[in-house]
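# Predicted coordinates and the sequence they were generated for:
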Amino acid sequence: MSHIHWYPGHIAKAEKQLKELINLVDVVIEVIDARLPLSSCYPNIKKLLGEKPRLILLNKSDLADEKKLDFWVNKIQTDTGFPVVKTCASKNNDITIIENKIAQLGKEKIDKLVAKGLLPRPVRVVVVGMPNVGKSSIINKLIKKAKTKVGAKAGVTRQQQWVRVNPKIDLLDTPGIIPLKQEDQKKAQKLAMVNSVSENAYENESVARELLKILEKEYAKSVIDYYGLEENQTISLENIAVKRNWLAKEGRADITKASVMVLTDFRSGRIGKFLLDDED
Ligand SMILES: Nc1nc2c(ncn2[C@@H]2O[C@H](COP(=O)(O)OP(=O)(O)O)[C@@H](O)[C@H]2O)c(=O)[nH]1
Ligand SMILES: [Mg+2]
């Protein structure tokens, strides 16, 4: 397994930016990849949030193993005490559910302001998550209906804008990006599988081999069916390449091509719907 690199300097900066964004809002939407409910969440988020309420989205649920997903919904809900919703960013109905949950989660804060004699105002929200989990897709969907920029507020840099999603919600139009800080190489490999890691930080072949190991254990039949392997054939890049006729010099398996293809097929959901984290 080749190593995935991470950069402490970048992480410190990213964490500082994240903290600044979180300080501006009443409620945080944390987006997690439903295929990696454990590996794509942020271990430090509790510290960053303090008492701030959080809505947790298991996004790309359309690509995840539905049977296993409900276990994680319940587990994360129990562990955090916050609501967890399975979402697909393109579904309008899921976006409506997000809006309703946000209004509920922010109500206590707004009620407190009113109790102090202040005017009620919309709940302020930011979307955070690792790269590629669907943050921008969700933000775009939420603001599509609205289209009205609310303009600057103190403490918001010029690159960020508040958008009034509805009378109850103001959303920051730029997401908070959770930095990759993975001393845990197993986690980092899984994040690379779902395209959450910069491509120059890892080798396709290594990540593809790790992916096939997980799929062989849990989802062998899907892989065998998709690539047309024999029932008892080992699931390997070599066998897949030969079966698909991805050949290099002297008729040998083209491992470079097979690695890219396996990762692409997996990421698109063509091989099947999977969940890659273990329940224990
Ligand atoms: N299948 C599926 N794809 C999604 C979903 N949400 C986002 N995507 C896709 O995932 C990719 C990354 O999404 P993006 O919103 O840019 O992620 P970000 O990096 O977190 O902002 C894009 O190709 C999206 O179209 C989802 O719920 N299901
Ligand atoms: Mg984005």
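Arrived safely. Ligands and ions are numbered 1, 2, ... in the order given.
# Give me the nearest residue to Val242, chain neighbours excluded.
Ala253 (5.4 Å; C-beta to C-beta, 6 or more residues apart in numbering). From N, CA and C alone the C-beta is placed, and that goes for glycine too.
# what about that neighbour, how many neighbours?
The burial count assigned to Ala253 is 20, neighbours taken as other C-beta atoms under 10 Å.
# My read is that it contacts Leu237, right?
Yes: using C-beta atoms under 8 Å, Ala253 is in contact with Leu237, at 7.0 Å.
# Assign Pro171 to helix, strand or coil.
For the record, residue 171 is Leu, not Pro. With DSSP: H, G, I helix; E, B strand; the rest coil as the basis, Leu171 sits in strand.
# need the contact list for the closest residue to ligand 1 within the stretch 151-280 of the chain.
Nearest residue of the stretch 151-280 of the chain to ligand 1, counting by C-beta to the nearest ligand atom: Pro175, 5.8 Å away. Pro175 sits next to Val126, Val127, Val128, Gly129, Lys135, Ser136, Ile139 when contact means C-beta atoms under 8 Å, 6 or more residues apart in numbering.
# And it, its phi and psi?
Backbone torsions for Pro175, taken as degrees, to the nearest 10, come to phi -80, psi 160.
# so how far is Ala208 from it?
Pro175 sits 28 Å away from Ala208, going by C-beta to C-beta, to the nearest Å.
# where along this structure do the strands fall?
27-33, 54-59, 84-86, 123-129, 149-151, 162-166, 169-172, 176-177 (DSSP state E).
# Which residues does the second one contact?
If you take C-beta under 8 Å, 6+ apart as the criterion, strand 54-59 is touched by 27-34, 37, 41, 45, 64, 69, 72-73, 76-77, 80, 82-89, 98, 101-102, 105, 133-134, 138.
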